[in-house]
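Asks: My questions concern the predicted model and sequence given below.
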There are 4 protein chains.
Amino acid sequence: MGSNSFGKIFTFSTWGESHGKAIGVVVDGCPAGLPLDESLLQRDLDRRAPGSSPQVTPRAEKDKASICSGVFGGVTTGSPISIIIENTDADSAAYEGLAGLLRPGHANYTYLEKYGIFDHRGGGRASARETVGRVAAGAVARQLLAGSGVSAGAFLSAVGGCSFSDLPWDEALPFAARSRIFAPSAGAEAAFLRILEEARREGDSVGGLVSFVLGGVPSGLGDPVYAKLGAMLGSAILSIPACKGFELGEGFAVASLRGSACNDGFECSDGKIRPSGNRAGGILGGISTGLPIYGRAAFKPTSSISRPQRTLDLQGREAEFNLPPGSRHDVCVAVRAVPVVEAMCLIVLADAWLRNRSARLEGE
Amino acid sequence: MGSNSFGKIFTFSTWGESHGKAIGVVVDGCPAGLPLDESLLQRDLDRRAPGSSPQVTPRAEKDKASICSGVFGGVTTGSPISIIIENTDADSAAYEGLAGLLRPGHANYTYLEKYGIFDHRGGGRASARETVGRVAAGAVARQLLAGSGVSAGAFLSAVGGCSFSDLPWDEALPFAARSRIFAPSAGAEAAFLRILEEARREGDSVGGLVSFVLGGVPSGLGDPVYAKLGAMLGSAILSIPACKGFELGEGFAVASLRGSACNDGFECSDGKIRPSGNRAGGILGGISTGLPIYGRAAFKPTSSISRPQRTLDLQGREAEFNLPPGSRHDVCVAVRAVPVVEAMCLIVLADAWLRNRSARLEGE
Amino acid sequence: MGSNSFGKIFTFSTWGESHGKAIGVVVDGCPAGLPLDESLLQRDLDRRAPGSSPQVTPRAEKDKASICSGVFGGVTTGSPISIIIENTDADSAAYEGLAGLLRPGHANYTYLEKYGIFDHRGGGRASARETVGRVAAGAVARQLLAGSGVSAGAFLSAVGGCSFSDLPWDEALPFAARSRIFAPSAGAEAAFLRILEEARREGDSVGGLVSFVLGGVPSGLGDPVYAKLGAMLGSAILSIPACKGFELGEGFAVASLRGSACNDGFECSDGKIRPSGNRAGGILGGISTGLPIYGRAAFKPTSSISRPQRTLDLQGREAEFNLPPGSRHDVCVAVRAVPVVEAMCLIVLADAWLRNRSARLEGE
Amino acid sequence: MGSNSFGKIFTFSTWGESHGKAIGVVVDGCPAGLPLDESLLQRDLDRRAPGSSPQVTPRAEKDKASICSGVFGGVTTGSPISIIIENTDADSAAYEGLAGLLRPGHANYTYLEKYGIFDHRGGGRASARETVGRVAAGAVARQLLAGSGVSAGAFLSAVGGCSFSDLPWDEALPFAARSRIFAPSAGAEAAFLRILEEARREGDSVGGLVSFVLGGVPSGLGDPVYAKLGAMLGSAILSIPACKGFELGEGFAVASLRGSACNDGFECSDGKIRPSGNRAGGILGGISTGLPIYGRAAFKPTSSISRPQRTLDLQGREAEFNLPPGSRHDVCVAVRAVPVVEAMCLIVLADAWLRNRSARLEGE
């Protein structure tokens, strides 16, 4: 499997560069018989789309998804689903001046070290624009899982050190769904916008945290030993550009706890046994418990900032790096990472859900 | 690929249960021509072995590795390397009384939900004993990479909330290599042992953090987009039993930073350009920069504790869970996770190192 | 990996249905730094294109390849290469009347059994039109391997029982390269055209054989045990629509031989040892010997024939199956299978060539 | 996935050399809840075991299987099933004299070209002894599929040019099940034994054909496009040592047919539509039709022959190759390939059967 693919049964692959003709995604392994609602798919893409606020990149892509295969009469056929999103607004000329410079915090240094060549226009393949393909694949996964009651929600839980991690989900998720920056409450939205605006004004960027909650997940998903559900979620989320940390359930905090305080007990109601607490974050031994799966991911500040930065050119000479005038970038990548985190979680769940059909002799 | 396998070119698979006949590991994809030193391999296993202190599980396994294939005249042949470690000290009888109970914090609940059957003896496949296979595979990876100057070191950086994360590596790593609990300094060792002893006395357990440093890694390792080096390391480490969090470089702390403070610059010496700082943790855009790769992992407290715990039996009736008298477990799984983290890092690097041979037309 | 992908390092995936918007192929794993000549790629597609003779399907597709990613300044970047070939000439309306009928010899019966849904327009995903993607991927592989002197040639060696298998390659391959039906000699071309024309006139179709020769293959390619080079070639070629048999070297004929007559000896010249005969077909123990790899594949007669056929409708009622007037199909699929066989061979070799870079400690 | 592994959901890996400590196989992906009958597994191994007649290798291995993991209380747990067969009768000393010689028809030349090292004792990893692991994995697959009514039978259909391919299966399969050389009739057995004995007496070997029939296969197995069921069977069987050809259904013969004679029609009985003929060999468009899947494989004569052969030593000097006195080998590898072909078919079917659980939204 190529390194631009993800998954085992429900798989997807993306192609395309930020300033190339298009970004494409091919979903292979979606079961046949799923009515695929193109407007719901578009709605997921719109949530990730730039331009909703001055703090997120004002590039006016339409991000219009075109389904090119695998759907017949509105229903999936079992054949690969190819979705293409054209790049209609890319202005590559603005990037010409940067071709000879190393971009601080960016991947052009490492791409050059690895490949000896780099498509520098707008970040090329390393651009966050690639994530539009992830969101499209995630939209397919969302519709696949919807019938089973599985849902994925995420929100921006911290920006630049200002954290709102502890809001109850039943308030945070609905609010985030309406917030243009995926903030979990009115207070958080106001605080975050203030921080974002301040950074923007100063030509700088900020980091942030994204929290996710996966509800309605049946017990039994995830495979020991190396395909633990938490490891798959971690791998999926850590592959999002700028992600530097992942934690499941109480995460790093459990390192300070004692076992007597950390172990969840069990309860029995209606003849069904379930864990009575959920410090584990919905996963035990790599397998879902049936309780909500939750966790957080850390995103570094956007590497592209408006103020000048010291750097070198490709010959090693001192240089100043300036973004082209009018260039577009997010002040905080964590904002638009929210729907991407959701998408990656849904993809992991869809794959685990299908894989689980082979766990027992008698089938699911 | 089955879910008990890991890797793409340098791959390994493990089999075996805690109280079965043996734990086995098959390394497939190690290049031919590597002189494999069995005593170095055994040394790596000995570091993970239980029994070195009262705080770690006193089970007296020898953990003697037997190489059964793939090596001829002391040199790898390119064929799969099968390594078997017999279970010589497992006392399954002690676990018979637990067969009908759910174990708080353990995986028998989820295995039963998934598979409808569970080998309850000593935790079965979900036991941390499985990690002996990872360490054996990691020992092969270590020898494979040694000629290229790649090294992996890890240490116990926090126990039960007491943290020594910030010690300089050139002091922490050599000290940890000699410490029986992989502590990074004499002060840390004393503090950690105190906490471990206190928890043991109280029939409890504690969580901890493991820090890792990968030195001498050439630039260019890791594949965008879904096989980013950080995502692979995250996946590998999050698959270790009890791991609940992973961070790369400055990790969660970057979420509070600004881009102007977070972006590393570049410097040029001897005609070679390198990043001048390393907040990125040695990876940019998923590809190694050539600087040390570092990060941390969080481990929850050992689920097995000596004091009685409330639980349910498999029929949902209230019950008290008591470990069998004389049963053996670690007070803090993070301690013995240290060599396992090292092993998983080495395996990821070995795989990325071989994958990178196909990155350019002209070969490595 | 989804079932529409092929390969391990040099991988490709196809998407698209015969009468959908387009056929697409994504090549992932092509090394960076390869100058990719779009006109050479187009030339390979043109060889497979329909319309060159009345015996092959007169559908007037342009089969114009559009490279959408992975190439920058004419050179591969290491990112996925997406190539799209639009379906400009598909007339789906003609197929509407067939939606309710089982097509003898076709896959709509089995697709319906498997998926419960079938895109019946022109054969949907099961159409031989999918192979245009294979040829595009093969064209990339051909250019990748050209620098190493590897070449792949194929020709039509038998049609409807009339066989020209034994012509010397140095005559057959150059002639086939110019023949519009890939015949290996003027005599074969005349004989084949006569058989094809006769079958066409009678509203029927015929089967055929394709022979292939892979020259300049370095020794050492192919991995024991399950990735033997012959097994990979067999898998690749048997996945081409209508292929029912594959043989390597002397193939089925060796079953009648004795070992003393079948074993190839060795010779030494210029200090280099090589097999002195090549009954093995260039592969021993699954690994290339350095001598030409050759073999043959059998293709059944085209399932679509012009004369009426008895069949059932989807409700099980007797019906007569008639191709829509003006519908287009090949009289013998083996003809246009020739460039597809070449392409699949090249893809297998490219993958084995890259995989082999990890065979030894010291690299290639 | 390493090259010593096979399969996607139902996977297996083998390790071990002919004269090493043991041959091992790890089955990963067998569903939980399967009662695994160790005596049935042993019976399958006994069928492949040497020593049943003077014409097959008299090496007196017991081939006693030891199940080391993945089974608890006689039932599979979903964890990897490790099966080890010790090499108790290997006499490596006899092979010492051959270390410096190229073995005609053998793989030591290509292993040396690829890896630079070769375990020459008894053929090392390239020995047919590796197939004992395949048969053990096939025995697990056989038991997995038995409940669904799937069966696999194979027989020796030709030896040294003497063919009995056309016997009716309902006579051939039961007879072959009792024949010590898997012959399909008393007449075939007598004829084959005569040919084998003659070759043995003359210090030579002969090739042969193996026919297989897979009954009770449900419709819908196999994935288009690159995981066509026929391509998977071909890949599996072509990976067996000495296999040089594979054909499905009528195979190479269809290349001489016309479509009107080759297309199978349909019939409807009890409301179920099925093909009314089976020239396709039970597979259309890569997916099973529900009718028996059948085909043939060609095996070259055993490369090891008793009479002296001309060869070179590793320095390129002329030499004579003589098998060590008392060395053991089959006169015709096709004989013992019969249970191996069965095993590989069962493994492919088990994998396709589990993969098919994800083909539709509503599950199997």
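Replies: Yep, it's here. If you're wondering where the values come from, they're calculated on a predicted model, not measured in any experiment. Numbers count the residues shown, from 1 in each chain, chains lettered A, B, ... in the order given.
Asks: Check which helices and strands the longest helix along chain A sits against.
Replies: Secondary structure of chain A read by DSSP state H shows that its longest helix is helix A:333-355. Counting contacts by 3 or more CB pairs under 8 Å, 6 or more residues apart in numbering or on different chains; DSSP states H and E, helix A:333-355 packs against helix A:38-48, helix A:131-146, strand A:151-159, strand A:208-215, helix A:229-238, strand A:293-299. Where you see a C-beta, it was placed from the backbone N, CA and C, and this is true even at glycine.
Asks: what angle separates it from helix A:131-146?
Replies: 40 degrees (axes from the mean of the first three to the mean of the last three CA atoms, to 10 degrees).
Asks: Give the buried residues for helix A:333-355.
Replies: Buried residues in helix A:333-355, defined by neighbour count with 16 or more other CB atoms under 10 Å in any protein chain shown: A:333-355.
Asks: that older thread, any chance of JSON lines for the helices and strands packed on helix A:333-355, columns distance to A:L173 and mean neighbour count?
Replies: Shown next, in JSON lines, are those (distance: least, CB to CB, whole Å; neighbours: other CB atoms under 10 Å in any protein chain shown):
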{"stretch": "helix A:38-48", "distance to A:L173": "14", "mean neighbour count": "17"}
{"stretch": "helix A:131-146", "distance to A:L173": "14", "mean neighbour count": "26"}
{"stretch": "strand A:151-159", "distance to A:L173": "4", "mean neighbour count": "26"}
{"stretch": "strand A:208-215", "distance to A:L173": "6", "mean neighbour count": "25"}
{"stretch": "helix A:229-238", "distance to A:L173": "18", "mean neighbour count": "29"}
{"stretch": "strand A:293-299", "distance to A:L173": "11", "mean neighbour count": "27"}
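Asks: Of all the ones you listed, which one is nearest chain D?
Replies: Closest to chain D of the helices and strands packed on helix A:333-355, according to CB to the nearest CB: helix A:131-146, at 7.5 Å.
Asks: quick one: that closest one near chain B?
Replies: No: for helix A:131-146, no contact with chain B is found by CB under 8 Å from any CB of the partner chain; the gap never falls below 9.0 Å.
Asks: Apart from its chain neighbours, what residue comes closest to the residue of the stretch 151-300 of chain A found nearest chain D?
Replies: Nearest to chain D in the stretch 151-300 of chain A, going by CB to the nearest CB, is A:P224, at a distance of 7.6 Å. For A:P224, ignoring the flanking residues on the chain, the nearest one in space by CB to CB, 6 or more residues apart in numbering or on different chains is A:G286 at 4.7 Å.
Asks: Surely the one you found and A:G230 touch.
Replies: Yes: contact criterion CB atoms under 8 Å: A:G286 and A:G230 qualify, at 6.4 Å.
Asks: any residues in contact with both of the two?
Replies: Residues touching both A:G286 and A:G230 by CB atoms under 8 Å, 6 or more residues apart in numbering or on different chains: A:G222.
Asks: what's around the residue nearest to A:Y109 when sequence neighbours are not counted, how many residues?
Replies: Excluding the flanking residues, the one nearest A:Y109 by CB to CB, 6+ apart is A:L102, at 5.1 Å. Neighbour count for A:L102, taken as other CB atoms under 10 Å in any protein chain shown: 21.
Asks: In contact with A:L102, which residues?
Replies: Counted by CB under 8 Å, 6+ apart, A:L102 has contacts A:N108, A:Y109, A:T311, A:L312, A:D313, A:L314, A:F321, B:F266, B:I273.
Asks: let's see it at 10 Å
Replies: Counting by CB atoms under 10 Å, 6 or more residues apart in numbering or on different chains, A:L102 makes contact with A:108-109, A:112, A:311-314, A:316, A:319, A:321, B:265-266, B:268, B:273, B:275.
Asks: Tell me the one of those residues nearest C:V140?
Replies: Distance ranking of the contacts of A:L102 against C:V140, using CB to CB, places A:L112 first at 22.6 Å.
Asks: ok so, going back, now do the same for the residue nearest to A:P224: its pLDDT.
Replies: A:G286 is assigned 97 on the pLDDT scale.
Asks: give me phi/psi at the nearest residue to A:L314 once chain neighbours are set aside?
Replies: Leaving aside its sequence neighbours, A:L314 sits nearest to A:G100 (CB to CB, 6+ apart; 5.4 Å). A:G100 adopts backbone torsions of phi -100, psi 10, taken as degrees, to the nearest 10.
Asks: Verify the stated contact: A:G100 with A:F118.
Replies: No: contact between A:G100 and A:F118 fails when scored by CB atoms under 10 Å: they sit 11.1 Å apart.
Asks: who touches both of these two?
Replies: Residues touching both A:G100 and A:F118 (CB under 10 Å, 6+ apart): A:L314.
Asks: Just want to know which of the two has more residues nearby.
Replies: A:F118 (27 against 12).
Asks: what does the stretch 251-364 of chain A have sitting close to chain D?
Replies: Taking CB under 10 Å from any CB of the partner chain, the part of the stretch 251-364 of chain A that reaches chain D is made up of A:351, A:353-364.
Asks: Lowest pLDDT pick from those?
Replies: Confidence-wise, A:E364 trails the rest of those, at 43.
Asks: For the residue with the largest distance to the centre of chain A, what are phi and psi?
Replies: The C-alpha centroid of chain A is most remote from A:G271, which lies 37.3 Å away (CA atoms, centre = their mean). Dihedral angles of A:G271 (phi, psi; degrees, to the nearest 10) stand at phi 80, psi 0.
Asks: okay but it is in contact with B:G316, surely?
Replies: Yes: the pair A:G271 / B:G316 is scored as a contact, 6.9 Å apart, by CB under 10 Å.
Asks: Now do the contacts for A:G295.
Replies: A:210-214, A:230, A:233-234, A:237, A:246-251, A:281-283, A:341, A:345, B:244-245.
Asks: Not counting sequence-adjacent ones, nearest residue to it?
Replies: A:L248 (4.3 Å).
Asks: Next, the one you found: phi, psi?
Replies: According to degrees, to the nearest 10, A:L248 has phi -110, psi 140.
Asks: Give the burial count for it, as a bare number.
Replies: There are 27 residues near A:L248, going by other CB under 10 Å.
Asks: Now do the contacts for A:D313.
Replies: A:A99, A:G100, A:L101, A:L102, A:A319, A:F321, B:F266, B:C268, B:I273.
Asks: gap between it and chain C?
Replies: From A:D313 across to chain C, the span is 19 Å (CB to the nearest CB, to the nearest Å).
Asks: what pairs with that residue across the strands?
Replies: A:L101 (DSSP bridges).
Asks: which parts of the stretch 51-200 of chain A sit against chain C?
Replies: So the stretch 51-200 of chain A meets chain C at A:66-73, A:75-84, A:86, A:111, A:114-121, A:124-126, A:130 (CB under 10 Å from any CB).
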